[in-house]
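> all I have is the shape, not the residue letters:
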C-alpha cells in the first residue's frame, strides 16, 4: 500500500442519490481505497443551484456550476443529473477525455445507449450503469457476466417501486387506484406528477436496458410496448385475488421462437410493460411494497430471482459505488475497459407477436347455451381455454339475473386474443367485457 | 470477428456437473465464442475411468486419464473433480503455467483457498469459483464486485439443497428427520452417505467462502461453528410452526461489533451453520424444496436476496461457464487477472461471542409461581424475554397436569443463553427442556 494512486472523481448532480454518493465518498474513503487500490478523491459536485437545500451536509467548496470543466478534469465521472441534456454531452466529453463513467440515467441509456457504449469502447474506458435498473439490486452485472455462458429465455421484473406500492395497497386494502396513488404520494413513494411511474414509462426504459443485456442486442424505448396501471380497478384486483392471482406491473423481455410465437408470428424478442396477473405462489408475487425484484429464466441456470430495494438515495448509492470501485480497480490494474458483447441485431417484435395467457372477465346474460357460444368463439380463434368459471348473481329487487364468467386461457397471441374479445363483444348475450388482463407464471 | 483466437479448455472431472459443462462447450460453441471473443476449444476431459457410464454422450477421443499433461497445455482449466488431491496440485500446476482456473471445489477453497488465491495473484491469472456456492445463483460476483462500495453486515444463506428439502418435508408433512431423509434419498436429493449434508459440513465450507468475500478476510473451515440438522425433531418443527416460525439450516456470517456482541465480547466476524428459526414472513422462509437463497444485509444497499437452484448438473454448469467466459474475455482483452481484495485479518469469533434470539421450549410443572421463577433466571443472566406463552395440558386418565412454556428471547450471547438453560435445568419445577433453537430475522 506504499504507492497508492489517487483518482479524481467528479460528481454531476446532487439529488437524492448524488448526495448519498458524496457522503459515502467522504465518510468511507479508507474502505473505498482498500477495495479500489486507489484513493477516490471527490474533486467537485456540479449542480445548477449551489444554495439549494440538500439531505446531507456537504462541504460548500466542493460545489460548482461548471459541470463541463469538472468532467474534463476527472479520472472517474459519476453522472446523476438525469434527463437527456446536458447529461449526454457531459458523458461524451468525459469518455473522450479518457474517464470511466458511472451513470444511473435510465432514460438516456434507453434513448441513446448505443452511442454511449460505442464511444466508451472506442476510448477504451468503462461505462457502467448498475444503478439504472432496480436500484441497489445487483442485476446488470450478473446478467452480463455471471450468465454469459448461458442463454436467457425470459426476464420478468418488478422494476418500479411506486407502482408496486400502489398495486400492493390496492391488493391489501381493496382501494381504488386514485386512493392508493394519493396514499403513495402522501408517504413519498409517488411524485406530485406521477405520470412517468404510473404510465409505465420508467419501467419501459428499464425493460429496454434489461432486454439489451439479456439478449445481446440493442433495444430502445420505442421497441417497448407500454401500458401503465391507471386503468387497473379495484374490481380487477378483486377478481384476480378471487382466482388466486395478484396483479403486478411487470417489465418483460422474452425470446419468441417458432415454438411459442402463436400462429406463424416472427422470431425475435418481445419487450413490454403491462399489468400482469401472477399466481400467488410465484416468487414475484411475494414482492411487497416499494421493493423490486427481477426473475430470470435461463436455459441452464433455470429460475433465478434477485430481490431488494429498487429506489432510495442510500440503496441506489450502493450500486453507484460498486460500479465506481470496479472502474477504479480497472484503472489501477490497467487493461482496457469492458466491452459490451453484442453479436447481432435480434428484431424487437410488436406486442401482437408475443403470447401470454389471459384472464378475461365477462358479464353475461344467464341463459342456457351462453357458455357454449362463448367457448365456440374462443375455439374459432385458436385460443384454448384453461379455466372457465361461472357465478350467477340474482338481484332479488329487480328479479334480474346475470352471470359472471371468468376465463383463463392457455398461451395465445395478442392478435388472436384481441380478435376473440372483439367477436365476443358482438354477441347479444354479453352485457360487458369487465376485464382483459395478461397472465404470466402459469 | 475476422481474427478470432482459439483458447484451449481442459476439463478435469466428468461427474454430474462436468458432463453438462462438456456438453454445453460442444453444443453452444458459437454462442460462447460470441460472448468470449474467442473460440473455446475443449481439448480433453480428464477422468479416472474412461469407460464409466455418464449422463451425457461425449466423444470418446476427448477422454484421458492423464490430467497433468492436459492441465499443463491449456489456456483455461476447469476443475470439477472435487476433493483435496489431486485437485489442489493440478490447479497449482495450471496457475503456474499461466492458465486461468475455474473451479467448483468448495472443500478445497475452504481448506486451502489462500494458497490458491496468492498463487493466482502472483501468476497474474484469474481463479474463479462461482459454482462453489449456491450452484446457479450468481452470488460471489455480486458480493465481490457489485457490493464493493458498500459494507456487508450480515449474510444468511440457505446453501444446501439436501437439508432444505428435508426440513421442508418435515415442515409440510410432520415427518421425523429419519423419514424425511429416506424420502430425500429415494428422490435423489440426498446421497447414500448423507453425512456431509446433514451434519452441515457442506454448508460450513460455503459459509467460509461467503464470509471471506463478504468481510475481505480469510476464513477457513475451522473458523466455522457447525451444527447439522440430525437432532431437529418433528416436535421442534411443530413447536416452531405453532409460534409462526420455520426451521432452516442457515450459513451465517455476521459482523460482531460493540453494539451487538452481548456483554463485553470481542469484535470480529462470527461464521456459523446451525438450524435456525425464521419468521414465516421472512423472504428466506419461502425458499422451498431443494432451492437455495442468500440473504444479504449491507449498510447502504439494505436487504438483498438472491434465489435459484443450488445444485444439479445443468444449473451448476451455468455458473462454471459464466466464470469461463469472463476468464476468456480477460485473456482476449489482455490485462492482469482480478485481484482478490483482502485488507486485513479480521478475527473469526467463537460461536460463544455471537448473539441471536433464542426459542426455548420447556415442559414445566403446573404450579403457581413457576413463570415468575423462570423469568427471574432469565433476568439474572441478562437474557431479555420477548415472548412467553404457556399452554396447560391435562391428562384426564392420570389426572396429571403439566404446562408447556414457549419463550422467545431478545438477542443474547450464546454464553448467556447456555448459562440460563443450565440454571433452569436445576429448578425442581422443570420436567425437561424440550428445545433450544436459535432465531434470526426477528
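Great, that's in hand. Just so it is clear, the model here is predicted, and its values are computed rather than measured.

> can you list the domains in chain A?
The record's domain split for chain A, according to automatic domain parsing, is A:5-132+A:313-333, A:140-310, A:354-439.

> wait, which of those domains is closest to residue B:325?
With C-beta to C-beta as the measure, domain A:140-310 is the member of those nearest residue B:325 (4.1 Å). Backbone N, C-alpha and C define where each C-beta goes, glycine included.

> which residue packs closest to whatever residue of the stretch 51-200 of chain A ends up closest to chain B, ignoring adjacent ones?
Per C-beta to the nearest C-beta, residue A:149 is where the stretch 51-200 of chain A lies closest to chain B, at 2.5 Å. Nearest non-adjacent residue to residue A:149, counting by C-beta to C-beta, 6 or more residues apart in numbering or on different chains: residue B:321, 2.5 Å away.

> that neighbour - how many residues pack around it?
Per other C-beta atoms under 10 Å in any protein chain shown, the neighbour tally for residue B:321 reads 30.

> just residue A:54 next, same as before
17.

> so it touches residue A:19, yeah?
Yes. With contact defined as C-beta atoms under 8 Å, residue A:54 and residue A:19 form a contacting pair (5.0 Å).

> remind me which residues of chain A are low pLDDT?
A:1-3, A:260-265, A:335-343, A:398-399 (pLDDT under 70).

> just give me the neighbour total for the closest residue to residue A:282 other than its chain neighbours.
With C-beta to C-beta, 6+ apart as the criterion, residue A:282 has its nearest non-adjacent residue at 4.2 Å, and that residue is residue A:441. By other C-beta under 10 Å, the residues close to residue A:441 number 19.

> can I assume residue A:441 sits in a helix?
No. Residue A:441 is assigned coil when assessed by DSSP: H, G, I helix; E, B strand; the rest coil, not a helix.

> name all residues that make contact with it.
A:156, A:278-279, A:282, A:284-285 (C-beta atoms under 8 Å, 6 or more residues apart in numbering or on different chains).

> ok, which pair from those is furthest apart?
A:156 and A:279 (12.4 Å).

> with neighbour numbers in mind, choose between those two.
Taking other C-beta under 10 Å, residue A:156 and residue A:279 do not tie; residue A:156 has more neighbours (25 against 15).

> distance of the closest residue to that one other than its chain neighbours relative to residue A:276?
With C-beta to C-beta, 6+ apart as the criterion, residue A:156 has its nearest non-adjacent residue at 4.5 Å, and that residue is residue A:295. Per C-beta to C-beta, to the nearest Å, residue A:295 is found 12 Å from residue A:276.

> repeat for residue A:129
Distance, residue A:129 to residue A:276, by C-beta to C-beta: 26 Å.

> of the two, who's got more company?
The neighbour comparison of residue A:129 against residue A:276 (other C-beta under 10 Å) goes to residue A:276, with 27 against 24.

> excluding its backbone neighbours, what's nearest the more buried one?
Excluding the flanking residues, the one nearest residue A:276 by C-beta to C-beta, 6+ apart is residue A:250, at 4.4 Å.

> neighbouring strands of whichever strand or helix holds the one you found in the sheet, and parallel or not?
According to DSSP states H and E, residue A:250 maps onto strand A:245-256. Strand pairing for strand A:245-256, using DSSP bridges, gives strand A:152-158 (antiparallel), strand A:268-279 (antiparallel).
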